[in-house]
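> Sharing a sequence plus its predicted fold:
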Amino acid sequence: MTMTLRTNVEKALNDQLFEELASFYLYLAMAADFAAKQLPGMARWMEVQAQEEMGHAMKFYRHILERGGKVTLQALPQPQTSWESPLAAFSAALAHEQHITSRIHALMDLARGEKDYPTEAFLQWFVNEQVEEEAQLEPIIHRLKLVGDHPPALFMLDRELAAREAD
Ligand SMILES: [Fe+2]
Ligand SMILES: [Fe+2]
């Protein structure tokens, strides 16, 4: 027996689709800011992250449709266009992912409360992904704190981050 999406779950999934698209927009804005500041490695890292967020958004899009729900796209707010330092940008990225983690957990609570087992199974991938998202930012932030105001160390870190490959 297939189970159709309940209205409240459909709304929460659409809200998360919006959150993932807003994440895409945020990281693309960070990529553009790094590119403008001649930090191509950090720009590349954020471009890959932005693409990953588009992938997350598409997972929600497909899940809603597969369940017979309706996708409702919301307007994206204009993201911030400039960050005062790489440390400020990566710290903002971590704070953003912590926000996303709490949203995913709230969504999981809702799916469980509604006994929506397919959505619960779908969300498990995101629970794991959020652990990775936060864990990958922490060492970069740690390194940026050590780098401080030392340009040669910053350019070395930039070159390392350029190696990030698209999934
Ligand atoms: Fe995401
Ligand atoms: Fe990821």
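Happy to help now that I have it. Ligands and ions are numbered 1, 2, ... in the order given.
> make it CA atoms for all contacts and neighbour counts henceforth
Will do.
> Could you say which helix or strand holds M42?
Per DSSP states H and E, M42 falls inside helix 40-66.
> Report the next helix or strand after that helix in sequence order.
Scanning forward in sequence from helix 40-66 by DSSP H and E, the next helix or strand is helix 86-113.
> before we move on, the earlier item: helices and strands around the helix holding M42, which ones?
For helix 40-66, the contact count by 3 or more Cα pairs under 8 Å, 6 or more residues apart in numbering; DSSP states H and E identifies helix 7-36, helix 151-161 as packing neighbours.
> So for the longest one, mean pLDDT?
Predicted confidence along helix 7-36 averages 98 (mean pLDDT).
> ok, now the shortest one?
In this model, helix 151-161 carries a mean pLDDT of 96.
> picking up where we left off before, out of the helices and strands packed on helix 40-66, which one sits most buried?
Mean neighbours per residue, mean count of other Cα atoms under 10 Å, is largest over the helices and strands packed on helix 40-66 for helix 7-36, with a mean of 21.
> Wait, P86 touches L144, no?
Yes. Counting by Cα atoms under 8 Å, P86 touches L144, with 7.4 Å between them.
> So which bits of stretch 77-92 are buried?
Applying a neighbour-count criterion of 16 or more other Cα atoms under 10 Å, the buried positions in stretch 77-92 are 82, 86-87, 89-91.
> Next: stretch 104-113.
Residues of stretch 104-113 classed as buried: 104-105, 107-108, 110-111 (neighbour count, 16+ other Cα under 10 Å).
> I'd like the residues you listed as CSV, with pLDDT and distance to Q51 appended.
Conversion of the buried residues of stretch 104-113 to CSV gives the following (pLDDT from 0 to 100; distance: Cα to Cα, whole Å):
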residue, pLDDT, distance to Q51
I104, 98, 19
H105, 98, 23
L107, 98, 23
M108, 98, 24
L110, 98, 28
A111, 98, 27
